[in-house]
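Q: My questions concern the predicted model and sequence given below.
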Amino acid sequence: MTESARQTERANRLLLAALRTPEALPDWSLEDWDLLLRVARRTRLLGRLEAQLAALNRLDAIHERAANHLRSARNLVQHRHTLLTWELNRILWATEGLDVPIIALKGVAYVLAELPAARGRFFADLDLLVPHADIPTIEARLLERGWMRLPINPYDDRYYRVWMHEIPPLRHRERENEIDIHHRLLPRTSRLSFDPAPLFEQTRPVADSRAQVLAPHDMVLHALVHLFLEGDPQEGLRLRDLVDVADLLDHFGREPGFWDGLAPRAEAFGLGRPLYYGLRFAKRLLDCKIPQPVIEATERWAPIRPLRVLMDRLVPLAILPGHPDHPRRSAALARWLLYVRAHWLRMPPWLLIRHIVYKAWLRVRGVPKRVELTPQDLKRL
C-alpha cells in the first residue's frame with residue numbers, strides 16, 4: 001500500500017469512527033484530532049460532531065483546541081438554522097391567504113419537525129415543495145414581496161422550467177437568503193421521475209406553523225434521491241446526506257409500521273434501487289441498524305453482480321473525503337463516474353447530448369438575448 005493510500009484510509013477511518021462511536025473521542029490524540037477536524041470540515045460534519053459530544057456531555061472532555069473548533073461550527077449551524085427558519089416564516093407571511101400547501105424539505109424540515117437529523121446539520125438554502133399548478137401564483141407573490149430572480153441566462157431559465165423539478169432559485173433582496181421552490185422531487189426528464197401527488201396526500205403538520213413536512217417514508221426516499229441522483233463532479237456523493245438517511249432511519253424506525261411500509265412506498269414511486277443502495281451503504285459505512293427482513297425485501301432491486309461490485313467500489317471512494325493532503329485519482333474518477341451516472345438518470349441520452357452541445361455552443365458563441373417559453377414547451381413533457 002502506498003503512503004497516499006495509507007493516509008487516505010486513516011482519514012476515512014477516523015471520520016467514520018467519530019460518527020459511529022463519538023463516546024471514544026475524548027481519548028483521541030491531538031494528531032488524530034487535527035486530521036479529524038480537517039476532514040469533518042471538508043464534509044460539513046463539524047457541527048454534527050459537536051452535537052454528538054454535547055448530547056453525551058463530553059464536549060469538555062476533549063482537547064480544548066478541538067472543542068473550540070466544534071463550538072465555532074455549532075455557532076455557524078445555529079446561525080443558519082435561525083436565518084432559514086425565519087426565511088420560511090417570511091415566506092409563509094408573504095403567501096398568507098393563498099390556498100397552497102407549502103412543504104419544507106431537507107434541512108429546514110428536520111429543524112421544524114425537531115428530528116435528530118437536524119443536530120449540527122448545516123444547510124445553505126431553503127428548499128420548499130408546492131404543487132406544480134401553484135408555481136406561478138407562489139412565484140408572483142414572492143416577487144411582489146421582496147424576493148428576486150437570480151441572474152440567469154434565458155437558456156438556463158428555460159432548462160429549469162421545462163425539464164427540471166424546480167424553478168430557478170429566488171433570493172430576498174435584503175436578507176439574501178436563497179430559496180429553491182420544487183414541484184416534484186426529480187426532474188421531469190428523469191428515468192425515475194414519478195407523479196408527486198401522493199406526496200401531498202400524506203404530509204405531516206408542523207406545530208405552530210402553516211408549513212408541512214413529508215411523511216416519514218417520503219422523507220427518507222427524498223434523502224436517498226438527493227444522495228444518489230444529484231452527484232457533484234468535485235464533491236462527489238455527500239457523506240452528510242448519508243448521515244441524514246441513517247438518522248431518519250434510526251428515528252422513524254421506532255415508529256410502528258415504519259419498516260413494513262418502507263419498501264412498498266419505494267416500489268410505488270419506482271425508487272427501489274436508491275433504497276437498496278441507501279440501506280446497503282448506511283449499514284456498511286455508518287453501522288445503521290436495519291432489520292434483516294427489510295434488507296432482504298430490497299434485494300429484488302439489486303443490480304446485476306458486476307454492477308453491484310462496481311458500485312461497492314465507487315460509492316465509498318466518492319462519498320468518503322480521503323486525506324486533504326493526499327488526493328487520489330481513483331476517488332476523483334469515482335466522483336466523476338457517479339456524476340455521469342446521475343446525469344444519465346436525469347434525462348434521456350438524446351436530451352442530455354442536446355443539452356451538453358448547446359451549453360458548449362453558448363460558451364463559444366455567447367448567450368442569445370431571449371429564449372421564448374411557449375405553452376407547448378410546458379406541455380411537452
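A: Received, thanks. Numbers count the residues shown, from 1 in each chain.
Q: and the lengthiest helix in the chain, which residues are buried?
A: Using DSSP state H, we find that the single longest helix of the chain is helix 64-94. Buried residues in helix 64-94, counting neighbours by 16 or more other CB atoms under 10 Å, are found at 66-67, 69-70, 73-74, 77, 80-81, 84-85, 87-88, 90-91, 94. From N, CA and C alone the C-beta is placed, and that goes for glycine too.
Q: How far away from the center of its chain is it?
A: 18 Å (CA atoms, centre = their mean, to the nearest Å).
Q: In terms of secondary structure, what does whichever helix or strand comes after it contact?
A: Scanning forward in sequence from helix 64-94 by DSSP states H and E, the next helix or strand is strand 103-105. Contacting strand 103-105 under the criterion 3 or more CB pairs under 8 Å, 6 or more residues apart in numbering; DSSP states H and E are the following elements: strand 126-129, strand 209-213.
Q: Buried residues in the longest one, which are they?
A: Along strand 209-213, the positions that meet the burial threshold by neighbour count (16+ other CB under 10 Å) are R210, A211, Q212, V213.
Q: Serialize those to TSV and add fields for distance to T21 and pLDDT.
A: Converted to TSV, those look like this (distance: CB to CB, whole Å; pLDDT from 0 to 100):
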residue	distance to T21	pLDDT
R210	41	93
A211	35	95
Q212	36	96
V213	30	97
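Q: Provide a list of residues in contact with the spatially closest residue to R121 that is not a sequence neighbour.
A: Spatial nearest neighbour of R121, excluding adjacent residues (CB to CB, 6 or more residues apart in numbering): G107 at 5.4 Å. Residues near G107 by CB atoms under 8 Å, 6 or more residues apart in numbering: L84, A118, R121, F122, F123, D127.
Q: Between these, which sits nearest V111?
A: V111 lies nearest to A118 out of these, by CB to CB, at 4.6 Å.
Q: Can you pull the poorly scored residue ranges out of the chain?
A: Applying pLDDT under 70 to the chain flags the ranges 1, 231-236, 355, 358-360, 362-381.
Q: could you pull out the strands for it?
A: Applying DSSP state E to the chain gives strands spanning 103-105, 126-129, 147-149, 170-172, 178-182, 204-206, 209-213.
Q: Could you dump the ones you listed into CSV with distance to P264 added?
A: Formatted as CSV, the strands of the chain follow (distance: least, CB to CB, whole Å):
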stretch, distance to P264
strand 103-105, 22
strand 126-129, 22
strand 147-149, 39
strand 170-172, 36
strand 178-182, 24
strand 204-206, 19
strand 209-213, 21
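Q: For Y339, find the nearest of the ones you listed.
A: Of all the strands of the chain, strand 178-182 sits nearest to Y339, with 19.6 Å by CB to CB.
Q: Please report how far the spatially most central residue of the chain lies from A66.
A: By CA atoms, centre = their mean, the chain has its centre lying nearest to H226, at 4.2 Å. With distances taken as CB to CB, to the nearest Å, H226 is found 30 Å from A66.
Q: just L345 next, same as before
A: Counting by CB to CB - L345 and A66 are separated by 40 Å.
Q: For A297, which non-adjacent residue is closest in space?
A: Leaving aside its chain neighbours, A297 sits nearest to A263 (4.4 Å; criterion: CB to CB, 6+ apart).
Q: got the contact list for the residue found closest to L37 once you drop the neighbours it is linked to in the chain?
A: Once flanking residues are discounted, L37 sits nearest to H69: 5.2 Å by CB to CB, 6+ apart. Neighbour list for H69: L37, R41, L46 [criterion: CB under 8 Å, 6+ apart].
Q: Most neighbours among those, which one?
A: Highest neighbour count within the contacts of H69, by other CB atoms under 10 Å: L46, with 25 neighbours.
Q: right, and it touches L70 too?
A: Yes: between L46 and L70 there is a contact under CB atoms under 8 Å: 6.1 Å.
Q: Pull the number of nearby residues for R6.
A: Neighbour count of R6, defined by other CB under 10 Å: 12.
Q: Report the separation between it and R41.
A: R6 is 22 Å from R41, by CB to CB.
Q: L92 now?
A: Taking CB to CB, one finds L92 at 33 Å from R41.
Q: M148 now?
A: From M148 to R41 the distance is 32 Å (CB to CB).
Q: Enumerate every residue touching P131.
A: With CB under 8 Å, 6+ apart, P131 has these contacts: V100, P101, H183, P196, F200.
Q: What's the PyMOL syntax to select whichever of those are buried?
A: Those of those that count as buried under 16+ other CB under 10 Å are selected in PyMOL with:
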select buried, resi 183+196
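Q: of the contacts of P131, closest to A54?
A: Out of the contacts of P131, the member with the shortest distance to A54 (by CB to CB) is P101, at 34.9 Å.
Q: check contacts around the closest one.
A: Residues near P101 by CB under 8 Å, 6+ apart: V130, P131, F200, T203, Q212.
Q: For the closest residue in space to R308 that isn't next to it in sequence, what are phi and psi?
A: Nearest-residue entry for R308: A302, 5.9 Å, with adjacent residues in sequence omitted and distances by CB to CB, 6+ apart. Dihedral angles of A302 (phi, psi; degrees, to the nearest 10) stand at phi -70, psi 140.
Q: For E267, see how far away A302 is.
A: For A302 relative to E267 (CB to CB), the value is 14 Å.
Q: Now the phi/psi pair for L98, please.
A: Per-residue torsions, L98: phi -90, psi 130 (degrees, to the nearest 10).
Q: sorry, that was for M347
A: Torsion angles, degrees, to the nearest 10, at M347: phi -150, psi 150.
Q: P216 reaches D250, doesn't it?
A: No: in this structure, P216 is not within contact of D250 by CB under 8 Å, at 11.8 Å.
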